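**Student:** How does the following fold in three dimensions:
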Amino acid sequence: MSGNQFLINRKITFFGAGAMAEAIAKGLIARKVVSSEKITMFNRSNQDRLTELQRKYNVTTAADAASKEAALTQADLIILSMKPKDAAESLRYLGPLLSKRQVVVSVIAGLTIETIQSLLGRTAAVVRTMPNTSSSIGLGATGIAFSPEVTDEDRQIVNTVFEAIGTITLIEEEQFETLTGISGSGPAYIYYMMEAMVEAGVRGGLTAEQAHDLTVQTVLGAARMVQLTGEAPATLRKNVTSPNGSTQAAIEVMAKGHFNETVIAAVQRCAERSREMGEELKEAAR
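**Tutor:** Reported below is the predicted structural model:
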């Protein structure tokens, strides 16, 4: 397959080869954004993991120090996807290898652009992103913020990379923690509610499988209704809530339990914790 059939003709190196790195690489290849031969992945020392990725996606992997260094120096985009605890050491190593043409993209929670540049020891072109776990099936929601050093052309390329795994939202970095509270951790809130719905079904006499299937289809259908109709969630809720009916009775129980304020408080606490983690990473990097 010739290179011009792909959207991007750039070399991408994943510094870290965990689940999020795989999700992004998988999306890029499946959607013909980048050819597998232009993707290199490596991690600290898990050769079995690299072998698995090479077999599944036909990407290049780097195992020894020389090939890792070559992968980093030759890349157009370097995606930081290592564990947060390894970020400081990895960025200090990467800094001297960078050239001005390269763009550093982080998918590490809590790590600010300022901290990344500080650890690199230079004001490199840095992009901070926050994808969520639904990226692994191409339905992710990714927040993106750019440092001033990122060119318009590189901004477009980064946007295209993350559009391969779902939707993107461009925001100022100051709003990143709020985004983390909504979409970054948001899937877990929905799963938590789904757990309760399944449990209610089982307590009401359904089999676990029946309760599971009904819950999954209900959540899927509700999300698609919001997406396809363009209606506000509040409007759709009111449409299915007849006065003095069974749905209204259920909503009243939730309201009595301060459901709305509890969810808002959870999002705010998540954002606050994300900010705290960022400060912890900043302190650890000193």
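**Student:** Next, count neighbours for the closest residue to residue 141 other than its chain neighbours.
**Tutor:** In space, and not counting its chain neighbours, residue 141 is closest to residue 183: 4.1 Å by C-beta to C-beta, 6 or more residues apart in numbering. Glycine gets a C-beta too; all of them are placed from N, C-alpha and C. Applying other C-beta atoms under 10 Å, we find 20 residues neighbouring residue 183.
**Student:** In contact with residue 57, which residues?
**Tutor:** 22, 25-26, 29, 36, 39 (C-beta atoms under 8 Å, 6 or more residues apart in numbering).
**Student:** in stretch 220-237, what's buried?
**Tutor:** Using 16 or more other C-beta atoms under 10 Å as the test for burial, stretch 220-237 gives no buried residues.
**Student:** start to end distance for that stretch?
**Tutor:** One end of stretch 220-237 to the other measures 15 Å (C-alpha to C-alpha, to the nearest Å).
**Student:** okay, and for the protein, where does confidence drop off?
**Tutor:** 1-4 (pLDDT under 70).
**Student:** quick one, helices of it?
**Tutor:** 19-30, 47-57, 65-74, 84-94, 113-120, 152-163, 176-179, 186-203, 208-229, 233-239, 246-256, 259-284 (DSSP state H).
**Student:** rewinding a little: how about the contacts of residue 57 in JSON lines, adding distance to residue 78 and neighbour count?
**Tutor:** Shown next, in JSON lines, are those (distance: C-beta to C-beta, whole Å; neighbours: other C-beta atoms under 10 Å):
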{"residue": "22", "distance to residue 78": "17", "neighbour count": "21"}
{"residue": "25", "distance to residue 78": "14", "neighbour count": "26"}
{"residue": "26", "distance to residue 78": "19", "neighbour count": "20"}
{"residue": "29", "distance to residue 78": "18", "neighbour count": "20"}
{"residue": "36", "distance to residue 78": "18", "neighbour count": "16"}
{"residue": "39", "distance to residue 78": "12", "neighbour count": "27"}
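**Student:** out of those, what pair is the most spread apart?
**Tutor:** 22 and 36 (12.6 Å; C-beta to C-beta).
**Student:** What is the burial count for the nearest residue to residue 18 once chain neighbours are set aside?
**Tutor:** Spatial nearest neighbour of residue 18, chain neighbours left out: residue 81 (6.1 Å); criterion: C-beta to C-beta, 6+ apart. By other C-beta under 10 Å, the residues close to residue 81 number 24.
**Student:** and the gap between residue 81 and residue 199?
**Tutor:** 35 Å (C-beta to C-beta, to the nearest Å).
**Student:** related to what we said a few turns ago, surely the residue nearest to residue 141 meets residue 144?
**Tutor:** No. If you go by C-beta atoms under 8 Å, residue 183 and residue 144 don't touch, sitting 11.7 Å apart.
**Student:** mind checking how far stretch 103-122 is from the chain centre?
**Tutor:** 16 Å (C-alpha atoms, centre = their mean, to the nearest Å).
**Student:** Endpoints of it, how far apart?
**Tutor:** The first-to-last residue distance of stretch 103-122 comes to 12 Å (C-alpha to C-alpha).
**Student:** Might one say that residue 176 is in contact with residue 145?
**Tutor:** Yes. Contact status for residue 176 versus residue 145: in contact at 6.2 Å, counting by C-beta under 8 Å.
**Student:** the more surrounded of the two?
**Tutor:** A direct count of neighbours by other C-beta under 10 Å for residue 176 and residue 145 places residue 176 higher, at 25 against 22.
**Student:** Contact partners for the more buried one?
**Tutor:** So residue 176 contacts 128, 130, 143, 145, 274 (C-beta under 8 Å, 6+ apart).
**Student:** Likewise for residue 172?
**Tutor:** residue 145.
**Student:** quick one, what contacts the residue nearest to residue 284 when sequence neighbours are not counted?
**Tutor:** Leaving out its chain neighbours, the residue that sits closest to residue 284 by C-beta to C-beta, 6+ apart is residue 88, at 6.0 Å. By C-beta under 8 Å, 6+ apart, the contact set of residue 88 is 119, 281, 284-285.
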